[in-house]
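In: please work out how this folds:
(one chain, ligands or ions: 1)
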Amino acid sequence: MIRKPIRKAVFPVAGLGTRFLPATKAIPKEMLPIIDRPLIQYAVDEAREAGIEQLIFVTGRGKTSIVEHFDTAFELEATMAGRGKSLDVLDATRIQPGNLVTVRQQVPLGLGHAIWCARAIVGDEPFAIFLPDELMIGTPGCMKQMVEAYNEVGGNLISVLEVPEDEVSSYGVIKPGAKISPSLTEVIGLVEKPRREDAPSNLIISGRYILQPEVMRTLEDQGKGAGGEIQLTDAMARMIGTQPFHAVTFAGRRYDCGSKAGFVEATLELALARPDMADDVRVLIRRLAAEID
Ligand code: UTP
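Out: Reported below is the predicted structural model:
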């Protein structure tokens with residue numbers, strides 16, 4: 001069956017990042033770097049690996065540096081070129097003219113509301129969503145794994161991860177239906193932050209989605225949910241039964257870089273995976289570990 005390809009990705013980046021204050025007072029959370037790349041860059045790289053070229057950033061006040069990161073920096077490039085330095089390091093920040101669009105979310109009313117703010121640009125086609133503070137590292141990347149699943153089953157897809165049962169109450173959890181393959185499961189319900197004993201599974205929703213454009217209509221009249229915010233999970237839960245929904249179990253590592261401990265974990269693990277740093281960081285970690293013991 002020929003499916004509409006996933007060509008557009010929405011990056012909601014209008015949140016306040018309060019858990020990282022005061023760092024995020026003047027710098028967007030999405031611009032905090034894991035080693036030498038801001039979080040938003042990892043998400044954009046993952047989108048492009050999955051064949052997605054049209055990038056829609058839902059921004060708010062104080063977020064202009066996210067857009068500037070993907071601009072051409074004439075002075076920087078001219079100076080570097082004049083000094084004979086390679087510009088390769090900037091390659092990932094180059095976007096085809098016209099492929100980056102920003103829309104504003106004037107007030108951070110919640111993730112669901114942020115996605116709805118992109119409705120005119122998304123139009124009438126399925127699209128991907130990336131929450132850039134969830135760093136997903138895999139081979140292939142998480143969205144590529146999801147696009148492969150989408151080509152198989154179509155409809156709506158949510159990326160999920162297995163967590164220990166005592167952790168489910170911090171997350172959105174899926175109620176699983178039929179198992180299509182080891183990594184693909186039908187979703188028959190969604191529960192936000194269930195008590196451990198009420199959780200329908202230990203598969204938590206992680207920050208990648210492929211959704212049909214009808215979600216915009218559902219978000220249109222979506223009331224406030226948990227935390228007084230308009231929740232994407234609530235809108236998706238209402239769509240289940242009217243549209244196919246599947247969960248893709250991500251084969252790879254997820255780092256919650258919206259939390260400080262997750263941010264440090266990501267920094268250390270990615271540094272260990274970098275040939276230019278691994279030796280130094282291994283020595284550092286061994287020394288720290290010895291001091292702890
Ligand atoms: P989070 O709740 O993790 O981000 O939202 P936050 O609100 O920025 O951070 P804290 O909790 O105050 O520290 C997940 C994603 O949704 C975006 C955020 O920017 C983040 O990428 N978001 C959230 C919006 O774009 N708009 C909103 O109204 C809420």
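
In: going forward, measure contacts and count neighbours with C-alpha atoms only.
Out: Fine.

In: pLDDT wise, what is D293 at?
Out: Looking at D293, its pLDDT reads 69.

In: only the buried residues of stretch 252-263, if you could.
Out: By neighbour count with 16 or more other Cα atoms under 10 Å, stretch 252-263 contains the buried residues 254-258, 262-263.

In: of all these, which two lie farthest apart?
Out: Distance extremes for the buried residues of stretch 252-263: the farthest pair is R254 and G258 at 11.6 Å, using Cα to Cα.

In: return the residues in contact with I230.
Out: Under the criterion of Cα atoms under 8 Å, 6 or more residues apart in numbering, the contact list for I230 reads 109-113, 222-224.

In: how far away is it from L157?
Out: Separation of I230 from L157 (Cα to Cα, to the nearest Å) stands at 20 Å.

In: which helix or strand contains T102?
Out: strand 100-104 (DSSP states H and E).

In: show me what that strand is packed against.
Out: strand 54-59 (3 or more Cα pairs under 8 Å, 6 or more residues apart in numbering; DSSP states H and E).

In: now the strand it packs on: mean pLDDT?
Out: In the prediction, strand 54-59 has an average pLDDT of 98.

In: kindly export the helix or strand just after it (C-alpha atoms) in CSV.
Out: Next helix or strand after strand 54-59 toward the C-terminus (DSSP H and E): helix 64-69. Output of helix 64-69 as CSV, limited to C-alpha atoms (Å, rounded to 0.1, in the frame of the first residue of the first chain):
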residue,chain,number,x,y,z
THR,A,64,15.5,33.1,18.7
SER,A,65,18.9,31.5,19.2
ILE,A,66,17.4,28.1,18.2
VAL,A,67,16.6,29.5,14.7
GLU,A,68,19.9,31.4,14.5
HIS,A,69,21.7,28.1,15.1
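
In: and helix 64-69, how far from the chain's centre?
Out: Relative to its chain's centre, helix 64-69 lies at 17 Å (Cα atoms, centre = their mean, to the nearest Å).

In: residues of that helix that come out buried?
Out: 66, 69.

In: which residues does the following helix or strand past that helix contact?
Out: Using DSSP H and E, the helix or strand that follows helix 64-69 in sequence is helix 74-82. Contact with helix 74-82 is made by 86-87, as judged by Cα under 8 Å, 6+ apart.

In: mind saving the C-alpha coords of helix 74-82 as CSV?
Out: Output in CSV follows, covering the C-alpha atoms of helix 74-82 (Å, rounded to 0.1, in the frame of the first residue of the first chain):
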residue,chain,number,x,y,z
PHE,A,74,28.7,34.9,7.5
GLU,A,75,31.3,36.6,9.8
LEU,A,76,32.2,33.3,11.5
GLU,A,77,32.5,31.4,8.3
ALA,A,78,34.6,34.2,6.6
THR,A,79,36.9,34.4,9.5
MET,A,80,37.4,30.7,9.8
ALA,A,81,37.9,30.3,6.0
GLY,A,82,40.4,33.2,6.2
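
In: how far away is the closest residue to E229 other than its chain neighbours from K224?
Out: Using Cα to Cα, 6 or more residues apart in numbering and skipping the chain neighbours, the partner closest in space to E229 is G110 (4.5 Å). Distance of G110 to K224, given as Cα to Cα: 9 Å.

In: in terms of neighbours, single out the busier of the two.
Out: A count of neighbours by other Cα atoms under 10 Å puts G110 above the other of G110 and K224, at 21 against 15.

In: I'd say that one and A226 touch.
Out: No - if you go by Cα atoms under 8 Å, G110 and A226 don't touch, sitting 9.6 Å apart.

In: how far off centre is stretch 2-19?
Out: From the chain centre to the centre of stretch 2-19 is a distance of 7 Å (Cα atoms, centre = their mean).

In: residues in contact with that stretch: which ones?
Out: Here stretch 2-19 has contacts from 24, 28-30, 47, 51-61, 63, 104-105, 108, 110-111, 114-115, 118, 122, 125-132, 147, 151, 154, 258-260, using Cα under 8 Å, 6+ apart.

In: near the ligand, list only the ones from the residues you listed.
Out: Near the ligand, judged by Cα under 6 Å from any ligand atom, the entries from the contacts of stretch 2-19 are 108, 110-111, 114, 131-132, 258.

In: which one of these is nearest G207?
Out: Nearest to G207 among these, with distances taken as Cα to Cα, is L131, at 4.9 Å.

In: not counting its neighbours along the chain, what's nearest the closest one?
Out: Per Cα to Cα, 6+ apart, closest to L131 is G207, 4.9 Å.

In: circling back to that earlier point, need the residues touching each of G110 and K224.
Out: In contact with both G110 and K224: 230-231, using Cα under 8 Å, 6+ apart.
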